[in-house]
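Participant: the following block contains a protein sequence and its predicted model.
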Amino acid sequence: MNLHCKIAASFLLLSLFCFNVKSQIIWPEGQILPTFPASAQTQDLIYLQSNVTGEEKLLFASMKGIVNLTQPRIFSYEGDAYAEGQYTWLNSLGVKYVENTTTPWNILGKYLSEFSGLIVYDTAQIHTANLASALAKEKKALLAGPSLVARLTSPPFNLPILEDFRGKFKSKLEVYQTLYDTYWPNLDHRLLIGLNPGPHKASLREYAVALGVAVIWLDVKNSGESALLNKFLSSMPQGANYMGWWPEEAPGVERASTYGIPTIASDFCTNLTFHSGMPRTIEPKPMLAKPELQNKIYVAFILSDGDNLQYIEHLMRKLWNNSDRGSVPIGWTISPAMVDAMPGALNYYHKTSTDNDNLISGPSGYGYAYPNKWNSYDNLIPFVSKTEEYNVRAGIRVITVWNTITGGIDYGVGRVFSTYSPTLLGLTAQNTGGALSIYPSTGQSLPGMPLSCNYCDGEKTMKEHITSASSGWDGKSPRFLIIQAQPWTNVTPTTFKNVKNSLGSNYVVVRPDQIFQLIRESKSLTINPGGIEGDGTGLTGIYYSEKNFETEANTKIDTNINFSWGKNSPATGVNANNFSVRWTGQVQPRYTGTYTFYITSDNTSRLWIDDQLIIDKNVISSGTYKGTISLVAGKKYDIKTEYVSGVNLASCKLEWASPFQSREVIPSSHLYAASSSGIKDVNIFSDLNVFPDSSKNGILNIEMNNYRNEDVNLTVYDTYGNALLKNEIKAAKSQLDVSKLSKGIYMISVRSNDCAKTIKHIIN
């Protein structure tokens with residue numbers, strides 16, 4: 001395979017499907033790829049490198065596929081110079097292993113009872129190995145080359161020959177025509193795998209055997225093969241996918257795209273049956289705070305080729321260990337298809353990421369495709385919608401869109417992404433140096449930013465493209481540059497670090513998600529697309545003159561909790577130190593997911609969400625504490641925050657963040673005030689006094705010393721928040737008849753256009 005090629009992955013709307021009951025492989029409706037049973041926690045580690053022949057690689061790959069379809073129990077290492085190391089994933093995912101350092105033949109003997117026999121392929125017509133791969137699962141058969149037949153049919157194996165393709169085919173095209181005519185009608189049409197039986201003897205073949213799907217190697221540039229390929233592609237349903245790779249990248253990806261079929265690049269994946277059986281819990285980290293927008297040149301770095309599952313499995317995992325990772329912001333492209341194919345690996349990348357590591361989508365969504373080549377915008381919608389679903393699950397906010405190595409994004413294609421991927425922050429485009437596009441929709445508008453370098457191969461080219469893209473900048477407005485580099489020419493985090501260190505003070509290097517937030521801000525677009533916006537006004541703050549929350553001195557609505565009082569009083573009538581505050585009301589998240597709340601204060605502070613104690617900062621010192629809770633977008637949750645000041649500089653700040661919510665002080669629009677009666681308050685109404693009239697039973701005197709000759713509404717609530725009496729006050733002193741109310745505790749609220757206060761009163 002040409003390592004300079006760009007590769008990718010994808011899939012679409014799928015229908016409910018299960019393989020035979022014994023296999024335990026399931027393919028739920030709407031899932032891109034099937035789910036394997038949980039991998040055994042002890043794997044037989046075998047080596048398929050120079051220690052085995054080409055025919056043996058095909059044999060042991062089929063052995064692995066048949067064994068692992070019931071439960072993944074065999075892990076193979078086939079590494080080369082780009083590989084991650086034989087123990088890396090096993091150790092990273094916490095899986096034990098028994099290492100076989102001699103030959104895999106003894107492992108074949110261990111699992112001998114799971115095989116029914118052999119399918120013998122013809123080395124003179126090697127494409128019969130692909131035909132054999134498509135049939136192996138149903139027959140529980142091993143792939144046998146002619147030189148291995150005698151050994152496999154003799155003791156201790158004694159395996160019978162179930163199918164023999166030697167001498168039966170005169171040409172490559174005849175092999176695949178037979179596959180199409182005889183076997184394709186009974187195979188699952190939702191997946192087609194492309195493998196060259198020359199170099200692809202093992203690798204993805206174990207996955208193909210386990211799934212029992214068609215395996216081909218047809219060249220678009222050969223007229224006969226092209227026509228047959230069209231028959232395969234045209235008979236596949238909407239949402240189908242092509243895995244593996246093509247004889248040539250651009251012609252293959254383009255041909256599949258015209259049929260609405262993405263390519264999930266994966267031909268040199270070595271353990272997808274194992275990775276697919278890992279736990280499916282994926283926990284992206286919360287987004288960082290958006291940087292302040294200034295008149296600077298903002299630069300984002302992207303490392304390409306993460307749409308390719310084999311790159312994620314091998315070279316990316318090796319680069320992840322680079323000592324300079326984390327020293328510079330980098331966008332690491334990955335495939336959203338990892339949610340199904342490699343969930344454990346995806347979660348590992350999230351868990352071990354630093355604040356400077358930003359996982360984004362490779363081209364052009366959950367699979368590699370040229371969206372401009374789709375046969376209609378309407379037919380592109382399912383692909384984009386499924387990409388949105390998997391991006392949300394994978395914690396992805398940016399997509400690198402490819403329409404060939406140099407192509408831009410058609411306006412209509414941008415509109416589809418804008419409309420059907422509402423949480424996206426932005427798209428990158430391959431038309432280097434092109435103009436920023438804003439794709440409008442009925443919901444959120446979406447920026448599409450051409451790259452400043454679409455496939456840089458090292459430090460020198462990156463610096464040259466940054467210099468070129470910066471020319472003419474006058475410092476009076478921000479400028480945005482995105483540099484994409486390819487990993488196959490020794491580009492590493494150290495490379496990006498060296499480029500960053502060469503830039504002057506006018507440059508700011510940020511993550512890809514941050515650069516699109518800054519672009520959005522510069523174009524007056526929301527930096528939180530796809531979320532549910534609230535209409536709150538803040539929280540009710542009750543201020544106490546002591547540290548024990550007993551002597552209420554003031555009540556007001558605070559638009560948010562972001563205070564630095566220093567040595568000053570926090571509110572009228574409250575001490576400058578040794579005071580306490582309790583904020584109550586509701587909080588409404590924009591997005592569904594795990595939220596992290598942060599309290600930064602100088603003293604004791606606590607936070608409850610939905611009656612759960614999330615943060616308990618019981619220390620008398622400055623610092624930030626955090627806690628997490630899962631929330632549903634748009635739902636309002638009870639919130640209570642308590643703060644106790646000391647004798648130092650008083651301060652308290654409440655923030656939140658989620659994988660789709662960048663860290664920020666919780667804004668007033670997502671906070672809803674409530675007193676203990678459930679009444680919303682909007683500000684303080686000071687000096688409200690309520691007391692019984694000594695001369696008349698059942699009459700309360702109402703006095704407002706700061707009355708400003710405006711209409712004031714008075715409402716009496718019970719402790720459940722039910723309004724019992726309403727009255728209008730038009731004087732500083734008035735009376736209220738409560739004679740019809742029974743004895744008990746009531747809440748009395750007064751409210752003008754911009755002021756309100758609620759007090760508790762006991763009627764005897």
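Facilitator: Cool, got the structure.

Participant: OK, contacts around Gly408?
Facilitator: Applying CB atoms under 8 Å, 6 or more residues apart in numbering, we find Gly408 in contact with Ala429, Gln430, Asn431, Gly434, Pro450. From N, CA and C alone the C-beta is placed, and that goes for glycine too.

Participant: that one: which element?
Facilitator: According to DSSP states H and E, Gly408 maps onto no helix or strand at all.

Participant: can you give me the pLDDT of Asn577?
Facilitator: pLDDT for Asn577: 88.

Participant: show me the strands in the stretch 351-500 of the chain, by range?
Facilitator: 357-361, 398-400, 426-429, 437-439, 446-450, 453-456, 479-485 (DSSP state E, counting those that start in this stretch).

Participant: and the last one with strand 446-450, angle?
Facilitator: Right, strand 479-485. 60 degrees (axes from the mean of the first three to the mean of the last three CA atoms, to 10 degrees).

Participant: strand 479-485: partners in the sheet, and parallel or antiparallel?
Facilitator: Strand 479-485 pairs in its sheet with strand 297-303 (parallel), strand 453-456 (parallel), by DSSP bridges.

Participant: just put those in TSV and tack on mean pLDDT, distance to Glu546 and mean neighbour count.
Facilitator: Formatted as TSV, the strands paired with strand 479-485 follow (pLDDT from 0 to 100; distance: least, CB to CB, whole Å; neighbours: other CB atoms under 10 Å):
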stretch	mean pLDDT	distance to Glu546	mean neighbour count
strand 297-303	98	49	25
strand 453-456	96	62	23
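
Participant: mind checking which of those strands is nearest Glu703?
Facilitator: strand 297-303 (58.2 Å; CB to CB).

Participant: next SSE after the closest one?
Facilitator: helix 309-313.

Participant: show me what that next one is packed up against.
Facilitator: In terms of contacts (3 or more CB pairs under 8 Å, 6 or more residues apart in numbering; DSSP states H and E), helix 309-313 is packed against strand 263-265, helix 338-341.

Participant: the longest one - what's its average pLDDT?
Facilitator: Same thing as helix 338-341. 98.

Participant: CA atoms only: put that helix into PDB for me.
Facilitator: Only the C-alpha atoms of helix 338-341 are listed here, as PDB (Å, rounded to 0.1, in the frame of the first residue of the first chain):
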ATOM      1  CA  MET A 338     -14.300   3.500  16.200                       C
ATOM      2  CA  VAL A 339     -17.500   3.700  18.300                       C
ATOM      3  CA  ASP A 340     -18.300   0.300  16.800                       C
ATOM      4  CA  ALA A 341     -14.900  -1.000  15.600                       C
END
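
Participant: which elements pack onto that helix?
Facilitator: In terms of contacts (3+ CB pairs under 8 Å, 6+ apart), helix 338-341 is packed against helix 272-276, helix 309-313, helix 343-352, helix 377-394.

Participant: can you add mean neighbour count and give the ones you listed back as JSON lines?
Facilitator: Listed next are the helices and strands packed on helix 338-341 as JSON lines, based on neighbours: other CB atoms under 10 Å:
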{"stretch": "helix 272-276", "mean neighbour count": "27"}
{"stretch": "helix 309-313", "mean neighbour count": "28"}
{"stretch": "helix 343-352", "mean neighbour count": "20"}
{"stretch": "helix 377-394", "mean neighbour count": "20"}
